[in-house]
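Participant: Give me the fold of what follows.
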Amino acid sequence: MAGSDSRRGPRGLSFTVYPAVDISGGRCVRLLQGRFGTETVYSDDPVDVAFGFSAAGARWLHIVDLDGARTGVPANRALVLEAIRVATCPVQAGGGMRTLEDVEEALVAGASRVVLGTVALEDPAAVAAACRRYGERIAVSLDARGGELSSHGWTVGTGMPVLEAVTAFEEAGVALFIYTDVTRDGTMSGPDVAGLDTLADATSLPVVASGGISSLDDLRSVARLHSQGVCGAIVGRALYEHKFGVADANQIADQAAGEQRGPDPFL
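Facilitator: Predicted coordinates for the structure are as follows:
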């Protein structure tokens with residue numbers, strides 16, 4: 001996305017930790033392996049959580065309407081938009097983003113990037129249209145179970161291999177991939193380093209990792225893939241359960257990626 005700062009990875013982005021703000025039923029929650037009904041509620045005020053993470057020094061936030069992702073109905077859209085507005089750092093927002101109007105609404109509210117999931121799998125033409133209009137501000141979420149993509153908030157298997165989808169999304173003009181090993185998400189069982197490695201080798205686009213990070217050592221193992229194109233990690237439960245804090249995560253990420261941070265193109 002940004003130019004040629006030699007301190008950046010080969011895909012042009014510094015390694016970044018994204019605290020996750022997942023919203024379901026109006027509350028800030030984490031799911032276990034993407035299964036609805038397994039929610040752990042961490043706050044009744046996700047907007048306050050978003051502000052808190054940004055005030056603590058988060059460089060980006062990852063904010064998702066989980067109910068919207070599952071049903072396509074933006075049940076928590078007002079909270080997502082308000083969280084975007086109060087955050088003092090860039091935000092990528094997703095969950096129930098099915099139309100260009102949805103994308104525009106989030107961007108107008110102040111989101112720096114919109115993450116498309118289900119619509120990317122069901123309506124490739126819509127993704128291509130979003131990329132033509134908004135360029136580097138469009139990412140696609142690759143939510144995988146057993147190497148195959150899931151949709152509708154991780155509830156529907158598509159049978160589509162992850163690597164098969166990558167080429168199509170690259171051709172559509174997507175700027176970035178978010179890769180989640182759904183079986184690890186919310187488990188704090190460790191990231192899918194092998195899957196990340198395979199995906200990074202298969203695409204020319206930057207990849208953000210999600211799922212399983214439980215410790216600074218886990219975060220370090222992901223950040224070491226920076227030279228291969230893994231440009232960030234989304235962290236949820238480990239932050240909520242105080243396994244480490246935002247400042248420590250930022251420091252470890254910078255050290256492990258072997259970089260001094262350059263300017264962020266969205267700041």
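
Participant: Tell me the spacing between V80 and V235.
Facilitator: According to C-beta to C-beta, to the nearest Å, V80 stands 19 Å off from V235. Heads up, the C-betas are built off the backbone N, CA and C, glycines and all.

Participant: Hmm, I typed the wrong one, I wanted G52.
Facilitator: The gap separating G52 from V235 is 14 Å, by C-beta to C-beta.

Participant: Could you check which of those two has the larger neighbour count?
Facilitator: V235 (30 against 17; other C-beta atoms under 10 Å).

Participant: What pLDDT is listed against the more buried one?
Facilitator: V235 carries a pLDDT value of 96.

Participant: what's the nearest residue to it if we skip its chain neighbours?
Facilitator: Closest residue in space to V235, ignoring its immediate chain neighbours: I213 at 5.1 Å, by C-beta to C-beta, 6 or more residues apart in numbering.

Participant: Tell me the secondary structure at that neighbour.
Facilitator: Assigned with DSSP: H, G, I helix; E, B strand; the rest coil, I213 falls in the coil class.

Participant: Which residues are in contact with it?
Facilitator: M188, G190, P191, L219, V222, A233, V235, A238 (C-beta atoms under 8 Å, 6 or more residues apart in numbering).

Participant: Just the ones of the residues you listed in strands?
Facilitator: Applying DSSP state E to the contacts of I213, the entries found in strands are A233, V235.

Participant: Out of the contacts of I213, which is nearest to V64?
Facilitator: Nearest to V64, judged by C-beta to C-beta, of the contacts of I213 is V235 at 13.5 Å.

Participant: Now stretch 112-119 - C-alpha only, CSV.
Facilitator: Extracted in CSV, the C-alpha atoms of stretch 112-119 (Å, rounded to 0.1, in the frame of the first residue of the first chain):
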residue,chain,number,x,y,z
SER,A,112,-9.5,3.2,6.8
ARG,A,113,-10.2,-0.3,5.4
VAL,A,114,-13.3,-2.5,4.9
VAL,A,115,-13.1,-6.2,5.2
LEU,A,116,-15.3,-8.3,2.9
GLY,A,117,-16.1,-11.9,3.6
THR,A,118,-19.2,-13.7,2.5
VAL,A,119,-19.9,-11.3,-0.4
